[in-house]
Structures are given as structure tokens and as C-alpha cells.
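Student: Using only what follows, build the 3D model:
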Amino acid sequence: MCMHRILMKDDHKPLIEHQRRLNPSTQEVTKKEILKFLKAGIIYPIFYSTWVSLVHIVSKKGGMPAVKNENNELIPTRTVTGLCMCIDYQKLNKITCKDHFLIPSFTKCLNDWLRTHIFAT
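Tutor: Residues are numbered from 1 along each chain as shown. Prediction:
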């Protein structure tokens, strides 16, 4: 298990961004994504949190197929293949102190763990 603490500036106060209404199709996508993250253990419910960030639903873009227009010319267009849930952390990023020590990569953590647990015996 790896933990990382986010350092805040001294004069910060908790940010509560009020959620915006979503249309019914994006509500379904949001609900499915949240249930998937809860089931996987990536997120957990916190009741009465002092920190709230906005949830946005953005369209996933597919490739760039060419479609003919009325003049029989090929025009590249982006096709939408689905919807994706994103969380807006812009305001949170503004009040965090920049960390000079980067979060270690997963492969480095795994290699260190393997070195200490398997190869030590």
C-alpha cells in the first residue's frame, strides 16, 4: 500500500464546488462509473466532506474517418465513441504546495517490494 500526502498552503480553506445538474444520459454514465470505482475499491464514500470537486462528463473521441460532403469531398471528422467521467481539480491544484519529491512509479514500488520479500530469502 502506498500513501501520498498533499501539502496545502497555509492560508487555504476547504473548497466546496456545487455540483451542476446532469442530463439523464450523463447521469447514467456517472452512476455506472462511480459504482465501478466503489466496487473496485478505488474510491470510498465520505459523508459530509469539506472538499468537493466538480464532475464532468466528456465525450470520448474515436479515430478520424473521412466523410463525404454534398460536393463529394472527403472531410475528416471525429466520431464520438462514448462518454467518460472526469473530475475537475483546478481549484484544488491552485492551493497545493508543489512537491519536489515525485510519487514513485508503480514498477519501482513493485521492484523494491520484490527485492525485499522474494530475493531476500
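Student: Can you verify my assumption that residue 57 contacts residue 31?
Tutor: No - with contacts counted by C-beta atoms under 8 Å, residue 57 stays clear of residue 31, the gap being 11.0 Å. C-beta coordinates here come from the backbone N, C-alpha and C atoms, glycine included.
Student: which one of the two has more residues nearby?
Tutor: Neighbour count, other C-beta atoms under 10 Å: between residue 57 and residue 31, residue 57 has more, with 17 against 12.
Student: Report the contact partners of that one.
Tutor: Shown in contact with residue 57 (C-beta atoms under 8 Å, 6 or more residues apart in numbering): 22, 26, 29-30, 83-86.
Student: Any buried residues in the helix or strand where it lies, and which?
Tutor: Assigned by DSSP states H and E, residue 57 belongs to strand 54-61. Residues 55, 57 are the ones in strand 54-61 that count as buried (16 or more other C-beta atoms under 10 Å).
Student: just checking, next helix/strand downstream of that strand?
Tutor: strand 66-68.
Student: The following helix or strand past that following strand: partners in the sheet, and parallel or antiparallel?
Tutor: Using DSSP H and E, the helix or strand that directly follows strand 66-68 along the chain is strand 74-76. Strand pairing for strand 74-76, determined by DSSP bridges: strand 66-68 (antiparallel).
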